[in-house]
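**Student:** What follows is a protein structure lacking sequence information:
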């Protein structure tokens, strides 16, 4: 048991679960996708990215890359949401919502890759 | 770069996480706390507004309460948020600064800069390991001759001093242990432009290790025939033998070298003067040869220096008396006198008054000076006693001398020849004041030798041949050189007949009528000759071809059979000596002649003037005009015929 390893895995898996929680539901249904969940997903994803900084191994580099991809997707989704709500006249329409959710879907794929890599590394180490 | 970046990121993990968490908590608070809009309705801040507000609040810019005035609950949360975010920001900035100030981080930063500079070097350079007394002199001399060097020293303080000593040249320096192969590799040992490595550390084992590393890491270059020059300082004969066993190009043992020169100056003062003229990097050389007296020499200190001096003096037939503080430990020969030599008693025991010269060769500068001064005092007292005796004798008309002690006092008024070893260059001033005949200065000797190896590698061949000549030969050469050197000391330089070094000569050399006289002509007026003489022509012989003797001049030829490549050395060739491609010339003369000759061999127009006596037209237009005129002349001539 190592606290660093626990927190590392915790944040990576947590980022995936939150992302999945936001993503799940009918794509254009506004009530299925809550803004708080997106916020939480962004914060946790950023923390997970920071945890991956400074790891010089090959797998560490790939983990960092996937995390950065997820960050970009999620922040992109948040920006779209902000623009839709505050700048466009119509506000968040079902069309907009489907765009936001599909962008966060990209982050979901990246997060899944992260978790898969994490599992692979754990299995390889077997200690 | 990578290491640096990752180190920075690793150190910034905690501050970054704290920042993200603090922002998350504060933003979520603003979103959850209900506020009021301008109509008094309940209004919830959106994430966008919350992020906007926290961004300018956290960085203490503060635009006010936007978009509507805050409720008390929001203000309370704002107070809490300000303290949280400002604290976290301060901590993060502090962490970044302390990382940048970290010695380890700084070291990596410096190393990275060093690596980048080494990679960017295009000119040939020499790698100097050890920036002590010798390294300092050498680096300075190399930079004076516009030769780039790279310095590695284990002591960071000395490396810092280098930036102060040589600010103009910008010598890249690294503070690291040169006995680690990785360090040498970083410093450019395997770099394409690295011409040679010079090991000058104080420890023979370190120098040995550097030499081995250099030899093994440059294996590839031997095959490519661009051999790395390895120069080592060695202080004992064992390490010297060890170094030479695996192909170190030059091993310099300052004690051995100095003893050899001293023996040469005893045997042939003129030859020694030539030697000094040609090898001395400092421009304070004397004009007249110093003649060390023949007789009994007293040597104080039988260490590495004393041993070398005693051995080489015995080769030229000079008797030595040794004074040594620890005769058993240093295995002094029988008849050695125990003592330091700084006391008058020891010197008297060694019969200093009967000796002609004293060598103060201990490893302590203060002791060396003390020995010399005590010996001179002792000498003065004897002379004084002699004079007084003479007066008495004249006064009382003594004619006969009975006791042997009185005989000693009847020696003529003579000066003691003094040689002292100066261990540290910082004591230079005192040694200069002591009015010594010779000062043995290891740093200067090594640096001068290495410089001549680098600058004029042919000098070694010349001196080797010169040492076999008679004293008259040396006298003749001295008079020839001093003929044209009035105010300046002679300089030596090399000219290579090749496309890169002397492009102007190449078109003429193929015709086969270029002789040494052409090079010696002055580019200002071809009827005058430059103030220089050619000491040596070094001619490589193609593998498989036969040696061709040049009968036109009286030349000495050496066939070097040890190396795969053969060469002939022609000592003092006459002015009609025909030059060939790839010949290397060693020339001695004044500085002005050197510059003029460099001009001659590199500028086609200048050389054409020297060779033919007429000026070549420069530029396409004038060349076209010149050719046209020539053709017209030919036509006219034909018509006349």
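**Tutor:** Structure's in. What do you need? Keep in mind the model is a prediction, meaning the values are calculated, not measured. Numbering: from 1, shown residues only, chains lettered A, B, ... in the order given.
**Student:** low pLDDT regions in chain A?
**Tutor:** Applying pLDDT under 70 to chain A picks out residues A:1, A:126-127.
**Student:** What segments of it are strands?
**Tutor:** Counting by DSSP state E, no segments of chain A form strands.
**Student:** biggest helix in it by residues?
**Tutor:** The helix that spans the most residues within chain A, counting by DSSP state H, is helix A:94-125.
**Student:** How far off centre is that helix?
**Tutor:** With Cα atoms, centre = their mean, to the nearest Å as the basis, helix A:94-125 stands 6 Å off its chain's centre.
**Student:** I'd assumed residue B:505 was in contact with residue B:497.
**Tutor:** Yes. Using Cβ atoms under 8 Å, residue B:497 makes contact with residue B:505 at a distance of 6.0 Å. From N, CA and C alone the C-beta is placed, and that goes for glycine too.
**Student:** Quickly list what's touching both of these two.
**Tutor:** With contacts defined as Cβ atoms under 8 Å, 6 or more residues apart in numbering or on different chains, the residues shared by residue B:497 and residue B:505 are residue B:579.
**Student:** hang on, the earlier thing: right, is the longest helix of chain A up against chain B?
**Tutor:** No. Counting by Cβ under 8 Å from any Cβ of the partner chain, chain B has no neighbours in helix A:94-125; the shortest distance is 12.7 Å.
**Student:** in a helix, that's where residue B:137 is, yeah?
**Tutor:** Yes. The assignment for residue B:137 is a helix, going by DSSP: H, G, I helix; E, B strand; the rest coil.
**Student:** Starting from residue B:128, give me the distance back to it.
**Tutor:** To residue B:128, residue B:137 is 11 Å away according to Cβ to Cβ, to the nearest Å.
**Student:** how about the residues of chain B that lie near chain A?
**Tutor:** Checking chain B against chain A by Cβ under 8 Å from any Cβ, the hits are B:2, B:6-7, B:9-13, B:16-17, B:20-21, B:23-24, B:27-28, B:31, B:46-48.
**Student:** for residue B:588, what are its contacts?
**Tutor:** Contacts of residue B:588 (Cβ under 8 Å, 6+ apart): B:277-278, B:481, B:490-492, B:532-533, B:535.
**Student:** let's see it at 7 Å
**Tutor:** If you count contacts by Cβ atoms under 7 Å, 6 or more residues apart in numbering or on different chains, residue B:588 has them with B:278, B:481, B:490, B:492, B:532-533, B:535.
**Student:** related to what we said a few turns ago, so which of residue B:137 and residue B:128 has more stuff around it?
**Tutor:** residue B:128 (29 against 23; other Cβ atoms under 10 Å in any protein chain shown).
**Student:** Might one say that residue B:297 is in contact with residue B:351?
**Tutor:** No. Taking contacts as Cβ atoms under 7 Å, residue B:297 lies outside contact range of residue B:351: 11.6 Å.
**Student:** So these two - more neighbours on which side?
**Tutor:** residue B:297 (24 against 13).
**Student:** phi, psi of the more buried one?
**Tutor:** With angles defined as degrees, to the nearest 10, residue B:297 sits at phi -110, psi 140.
**Student:** what does residue B:571 give?
**Tutor:** phi -80, psi 130.
**Student:** How about chain A: which residue is closest to chain B?
**Tutor:** Residue nearest to chain B within chain A (Cβ to the nearest Cβ): residue A:54, separated by 3.1 Å.
**Student:** element containing the closest residue to that residue other than its chain neighbours?
**Tutor:** Nearest residue to residue A:54, sequence neighbours excluded (Cβ to Cβ, 6 or more residues apart in numbering or on different chains): residue B:10, at 3.1 Å. Residue B:10 is part of helix B:2-11, with elements assigned from DSSP states H and E.
**Student:** Check which helices and strands the helix or strand following that helix sits against.
**Tutor:** Note on helix B:2-11: by DSSP H and E, the next helix or strand toward the C-terminus is helix B:13-32. With contacts defined as 3 or more Cβ pairs under 7 Å, 6 or more residues apart in numbering or on different chains; DSSP states H and E, helix B:13-32 has these neighbours: helix A:35-52, helix B:47-58, helix B:72-101.
**Student:** what's the angle between the shortest one and helix B:13-32?
**Tutor:** Using axes from the mean of the first three to the mean of the last three Cα atoms, to 10 degrees, the direction of helix B:47-58 lies 130 degrees away from that of helix B:13-32.
**Student:** Name the spans of the stretch 201-350 of chain B whose pLDDT lies under the cut-off.
**Tutor:** B:221-226, B:280-287.
**Student:** can you put the helices and strands packed on helix B:13-32 in CSV and add distance to residue B:157 and mean neighbour count?
**Tutor:** Shown next, in CSV, are the helices and strands packed on helix B:13-32 (distance: least, Cβ to Cβ, whole Å; neighbours: other Cβ atoms under 10 Å in any protein chain shown):
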stretch, distance to residue B:157, mean neighbour count
helix A:35-52, 39, 22
helix B:47-58, 44, 19
helix B:72-101, 19, 14
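**Student:** Please name the nearest non-neighbouring residue to residue B:503.
**Tutor:** residue B:602 (6.3 Å).
**Student:** got it, and residue B:18?
**Tutor:** Excluding the flanking residues, the one nearest residue B:18 by Cβ to Cβ, 6+ apart is residue B:88, at 5.1 Å.
**Student:** Count the residues that sit near residue B:503.
**Tutor:** Per other Cβ under 10 Å, the neighbour tally for residue B:503 reads 14.
**Student:** re the thing from before, rebuild the helices and strands packed on helix B:13-32 as TSV, extending it with distance to residue B:336.
**Tutor:** Listed next are the helices and strands packed on helix B:13-32 as TSV, based on distance: least, Cβ to Cβ, whole Å:
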stretch	distance to residue B:336
helix A:35-52	74
helix B:47-58	83
helix B:72-101	59
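**Student:** For residue B:175, find the nearest of the ones you listed.
**Tutor:** helix B:72-101 (18.0 Å; Cβ to Cβ).
**Student:** helices or strands up against that closest one?
**Tutor:** In terms of contacts (3+ Cβ pairs under 7 Å, 6+ apart), helix B:72-101 is packed against helix B:2-11, helix B:13-32, helix B:47-58.
**Student:** OK, contacts around the residue nearest the centre of chain B?
**Tutor:** By Cα atoms, centre = their mean, chain B has its centre lying nearest to residue B:138, at 2.3 Å. Contacts for residue B:138 (Cβ under 7 Å, 6+ apart) come out as B:128, B:198, B:447, B:450-451.
**Student:** what's next to stretch B:60-80, contact-wise?
**Tutor:** So stretch B:60-80 is contacted by B:29-30, B:33, B:35-38, B:43, B:49, B:53, B:56-57, B:86 (Cβ under 7 Å, 6+ apart).
**Student:** mind running it again at 10 Å?
**Tutor:** Defining contact as Cβ atoms under 10 Å, 6 or more residues apart in numbering or on different chains, one finds that stretch B:60-80 is touched by B:25-26, B:29-30, B:32-43, B:45, B:49, B:52-57, B:81-82, B:85-86, B:89.
**Student:** before we move on, the earlier item: show me what the helix holding residue B:10 is packed up against.
**Tutor:** helix B:72-101, helix B:103-119 (3 or more Cβ pairs under 10 Å, 6 or more residues apart in numbering or on different chains; DSSP states H and E).
**Student:** Go through that helix and flag the buried ones.
**Tutor:** B:7-9, B:11 (16 or more other Cβ atoms under 10 Å in any protein chain shown).
**Student:** Next: stretch B:31-46.
**Tutor:** In stretch B:31-46, counting by 16+ other Cβ under 10 Å, buried: B:31, B:33, B:35, B:43, B:45-46.
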